[in-house]
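In: My questions concern the predicted model and sequence given below.
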Amino acid sequence: MADIQSGGIRIQHLYKIFGPKAASHVEAVKNGMSKADLLKETGHVLGLRDINLDIPAGSIQVIMGLSGSGKSTLIRHINRLIDPTAGEVLIGGVDVCKMGFRGLREFRRRQTAMVFQKFALLPHRNVLDNVVYGLEICGVKRSESVATAMRWIERVGLKGFEQRFPNQLSGGMQQRVGLARALAMDAPVLLMDEAYSALDPLIRMDMQSVLLDLQKEIRKTIVFITHDLDEALRLGDQIAILRDGCIVQQGTKQDIVLRPADEYVTNFVKQVNRGRVVCVESVMSPSRLGVASAGNQVAAGTTIEEAISMLTHNPAIEQLTVVGSENQPLGTVNLRQLACALITSEEGCDASRMPAEELGRADAPVAVSRV
């Protein structure tokens with residue numbers, strides 16, 4: 001089997017129709033037959049329609065949408081727990097959909113790991129034996145698998161609980177066991193299907209922090225399913241929003257918040273605290289080529305909320321110079337621009353109409369007017 005350890009994921013023209021004669025209805029769906037018409041006329045259910053998604057290696061791809069939008073159906077195509085009706089799922093250039101039985105079995109054992117919403121722990125095994133289970137299946141020696149498992153048990157904060165059984169643990173602790181079990185396999189692709197949805201809000205945030213801290217080190221390709229926008233914005237390097245089996249928008253968290261594709265996405269993001277999502281470079285006035293900007297500096301990637309705090313705590317500073325990774329000036333931003341980025345144009349602060357003396361340049365683009 002080809003080595004796909006370093007590869008990202010590419011999903012191309014993926015369709016899933018549930019029913020006994022699914023393949024015979026693909027062309028009708030490609031030609032525009034709706035989900036409702038397909039069900040009414042054929043009794044088949046449209047799960048996914050023409051999904052195209054590129055997930056870079058080492059990134060967190062969040063897939064979100066309401067119940068029934070196709071999120072879980074999509075993630076189960078990546079390890080082929082569900083077979084597609086049409087399309088390709090390429091991981092490191094290898095099409096999972098064309099794998100034979102043995103190749104698929106090895107792929108599932110060594111190249112992907114999954115964390116489930118309902119924990120899926122074995123009740124008769126203690127924490128240690130739950131974590132080593134996958135390694136046992138792969139034939140790893142007991143001494144080696146225990147050492148690996150203990151390392152991950154400690155990393156997820158469960159050292160001292162390795163002899164406890166699942167029914168002796170809280171929900172958050174059980175999910176930590178599930179995460180440790182997946183990480184112990186050292187698979188390049190980690191699939192998380194609403195892994196935190198069953199947890200209380202505070203425990204959920206704690207588990208999000210655990211995942212983000214671990215990802216800085218492990219750099220897995222993570223596909224994370226959620227119906228919670230706050231969770232998506234906190235975790236995702238990229239976000240794809242599904243509706244009725246179709247991707248209605250995909251992009252970075254700033255793309256989603258600043259430029260919603262339609263009313264459906266707009267309704268998702270209208271209650272978002274933009275100050276914690278949007279970064280200063282999205283609302284700055286770009287510097288003229290070759291012209292350095294004076295003033296206090298702020299790094300690109302700094303959130304609006306952080307930048308506002310810098311300006312309000314030092315009233316003598318009128319604007320900030322946004323600098324890149326090599327400390328090169330990218331532009332400037334002032335308090336009015338930052339404040340307007342937090343308000344929709346319908347609420348009366350359309351930054352795109354701000355006077356030139358406020359922006360610094362009459363032609364400086366401000367990407368906030370749509371939100």
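Out: Received it, and whenever you're ready, just let me know what you need.
In: Give me the phi and psi angles of I51.
Out: phi -80, psi 120 (degrees, to the nearest 10).
In: and what of V323?
Out: Backbone phi and psi, for V323 under degrees, to the nearest 10, turn out to be phi -120, psi 150.
In: Touching, it and G301? I think so.
Out: No - counting by C-beta atoms under 8 Å, V323 does not reach G301; the two are 10.4 Å apart. To be clear about C-beta, it is placed using only N, CA and C from the backbone, and glycine gets the same treatment.
In: higher neighbour count, these two?
Out: Comparing V323 with G301 by other C-beta atoms under 10 Å, the one with more neighbours is V323, at 19 against 12.
In: Once you drop chain neighbours, what's closest to the more buried one?
Out: Q297 (5.0 Å; C-beta to C-beta, 6 or more residues apart in numbering).
In: where do the strands sit along this protein?
Out: Assigned by DSSP state E, the chain shows strands spanning 9-18, 45-55, 60-64, 86-91, 94-95, 112-115, 189-193, 221-226, 238-243, 246-251, 285-286, 296-299, 319-323, 329-334.
In: Go through those strands and name the closest to V177.
Out: strand 112-115 (10.0 Å; C-beta to C-beta).
In: what is the rounded mean pLDDT of the closest one?
Out: The average pLDDT within strand 112-115 is 92.
In: circling back to that earlier point, want to try a markdown table for the strands of the chain, with distance to Q174 as columns?
Out: Output for those, formatted as a markdown table (distance: least, C-beta to C-beta, whole Å):
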| stretch | distance to Q174 |
| --- | --- |
| strand 9-18 | 28 |
| strand 45-55 | 28 |
| strand 60-64 | 22 |
| strand 86-91 | 29 |
| strand 94-95 | 33 |
| strand 112-115 | 11 |
| strand 189-193 | 15 |
| strand 221-226 | 18 |
| strand 238-243 | 27 |
| strand 246-251 | 32 |
| strand 285-286 | 49 |
| strand 296-299 | 39 |
| strand 319-323 | 44 |
| strand 329-334 | 45 |
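In: For R105, which of these is the nearest?
Out: Closest among those, using C-beta to C-beta: strand 112-115, at 11.6 Å.
In: which helices and strands does that closest one pack with?
Out: With contacts taken as 3 or more C-beta pairs under 8 Å, 6 or more residues apart in numbering; DSSP states H and E, strand 112-115 sits against helix 171-184, strand 189-193.
In: mind giving me a markdown table with those and columns for distance to G32 and mean pLDDT?
Out: Putting those into a markdown table (distance: least, C-beta to C-beta, whole Å; pLDDT from 0 to 100) gives the following:
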| stretch | distance to G32 | mean pLDDT |
| --- | --- | --- |
| helix 171-184 | 39 | 93 |
| strand 189-193 | 30 | 95 |
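In: I'd like these laid out as a markdown table, including mean neighbour count.
Out: Shown next, in a markdown table, are the helices and strands packed on strand 112-115 (neighbours: other C-beta atoms under 10 Å):
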| stretch | mean neighbour count |
| --- | --- |
| helix 171-184 | 23 |
| strand 189-193 | 23 |
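In: I'd like to know which of these lies nearest to I63.
Out: Using C-beta to C-beta, these put strand 189-193 closest to I63, at 9.5 Å.
In: how far off helix 171-184 does the closest one point, in degrees?
Out: 160 degrees (axes from the mean of the first three to the mean of the last three C-alpha atoms, to 10 degrees).
In: what's the burial count for V115?
Out: Residues contacting V115 under the criterion other C-beta under 10 Å number 23.
In: partners of it in the sheet?
Out: M192 (DSSP bridges).
In: and it, what does it touch?
Out: Q175, G178, L179, A182, L190, L191, M192, D193, A195 (C-beta atoms under 8 Å, 6 or more residues apart in numbering).
In: quick one: which of the strands of the chain is nearest V277?
Out: strand 238-243 (10.8 Å).
In: Not counting its neighbours along the chain, what's nearest R76?
Out: Closest residue in space to R76, ignoring its immediate chain neighbours: I82 at 4.3 Å, by C-beta to C-beta, 6+ apart.
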